[in-house]
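*Asks:* Give me a 3D structure for the following:
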Amino acid sequence: MALSYDLMQPLVQIKTSLELMESSDFARPTVTQQANTMALSTQTGLQLAEAYRLLLKSDEILNLPLEAVPVGTILEETAHQLSPFAKQFSTELIIDIQGRFAPVLTHQPSLATTLEVLAGSMIQAQAAQVKRDKYQLVLGAHKTAEGDVATGVFCQVEGLSDRSLKAARRLVGQARQPMPAMPPGSISGILIADMLCAALWQPLRPSAHRSLGGLAVNLPLTSQLQFV
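*Replies:* From the prediction side, this is the model:
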């Protein structure tokens, strides 16, 4: 139910934009603005659908060879893809990697999609919970005490604790709102990202990066040369 609701939202936004264009005088600035809105709505829906598609194919992905990828490459790709969407919510995207470590061993397309849908949900949640003129969202990575690399999304979002995540996992498929503390429209992206991470690596876990809280997945390092 949560997934169907979140997939409906972009379609409703596109429908509304088309109706506005039909009722307007088709001035070029109006058409351009509505076209941009529709493009962003389409991107949001496609990201969510792609993440869910990868979740359904996770058994196949596990049989694919993993590759060594500098984590900065994945974070930069995620920021590039999300830049127009973040701008819509007055959010500045910041890439922050603490320390120096080897590349992570992962399936890059799946991780990139997971971070995109997770970050998109966190951008929406942060803007809905706290009203400000500008926001910041950090795409970060740091080494854990276990020797892995925690890679995730960090911002000022409330309601992302171990307890709330465990409760949400139990309620998936049983409740329309598995995470009551999170604003509508941002829940399914977080849950799909969590399920995809659990299938391919480890479940998402609440994590702190500098002074910000957020969600991260722990990824194993390769034995290659050090990267920044």
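*Asks:* Which helix or strand contains the residue nearest the centre of the chain?
*Replies:* Nearest residue to the geometric centre of the chain (Cα atoms, centre = their mean): Leu118, 1.7 Å. Per DSSP states H and E, Leu118 falls inside helix 108-129.
*Asks:* Now do the buried residues in that helix.
*Replies:* Residues of helix 108-129 classed as buried by neighbour count (16 or more other Cβ atoms under 10 Å): 110-127, 129. The way it works is simple: take the backbone N, C-alpha and C, and place the C-beta from them, glycine included.
*Asks:* Against which helices or strands is that helix packed?
*Replies:* helix 28-56, strand 67-69, helix 71-88, strand 91-97, strand 135-143, strand 149-155, helix 187-200, strand 212-219 (3 or more Cβ pairs under 8 Å, 6 or more residues apart in numbering; DSSP states H and E).
*Asks:* So for it, mean pLDDT?
*Replies:* Mean pLDDT, computed over helix 108-129, is 93.
*Asks:* what's the offset of it from the middle of its chain?
*Replies:* 1 Å (Cα atoms, centre = their mean, to the nearest Å).
*Asks:* try stretch 121-137
*Replies:* Centroid separation for stretch 121-137 versus its chain: 13 Å, with Cα atoms, centre = their mean.
*Asks:* who's in contact with it?
*Replies:* Here stretch 121-137 makes contact (Cβ atoms under 8 Å, 6 or more residues apart in numbering) with 82, 85-86, 89-94, 119, 153-158, 182-183, 185-190, 193, 214-215.
*Asks:* Enumerate every residue touching Glu146.
*Replies:* Glu146 neighbours (Cβ under 8 Å, 6+ apart): Asn218.
*Asks:* Return the distance of it relative to Val138.
*Replies:* Per Cβ to Cβ, to the nearest Å, Glu146 is found 22 Å from Val138.
*Asks:* How about Leu54?
*Replies:* 24 Å.
*Asks:* what do you get for Met8?
*Replies:* Counting by Cβ to Cβ - Met8 and Val138 are separated by 30 Å.
*Asks:* Looking at those two, which is more packed in?
*Replies:* The neighbour comparison of Met8 against Val138 (other Cβ atoms under 10 Å) goes to Val138, with 22 against 11.
*Asks:* Pass me the low-pLDDT residue ranges in this structure, would you?
*Replies:* Across the chain, the ranges flagged by pLDDT under 70 are 1-5, 21-31, 33-34, 37, 223-228.
*Asks:* show me what contacts Pro84?
*Replies:* Neighbours of Pro84 in contact, by Cβ under 8 Å, 6+ apart: Asn36, Ala39, Leu40, Gln43.
*Asks:* Can you give me every residue that contacts the third one?
*Replies:* With contacts defined as Cβ under 8 Å, 6+ apart, the neighbours of Leu40 are Pro84, Phe85, Gln88.
*Asks:* got JSON lines for the residues you listed, with distance to Ile61 too?
*Replies:* Shown next, in JSON lines, are the contacts of Leu40 (distance: Cβ to Cβ, whole Å):
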{"residue": "Pro84", "distance to Ile61": "27"}
{"residue": "Phe85", "distance to Ile61": "25"}
{"residue": "Gln88", "distance to Ile61": "31"}
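*Asks:* Closest to Leu221 out of those?
*Replies:* Phe85 (30.2 Å; Cβ to Cβ).
*Asks:* shouldn't the closest one be in contact with Thr44?
*Replies:* Yes - counting by Cβ atoms under 8 Å, Phe85 touches Thr44, with 6.6 Å between them.
*Asks:* which neighbours do those two share?
*Replies:* What both Phe85 and Thr44 touch, as defined by Cβ under 8 Å, 6+ apart, is the set Gly120.
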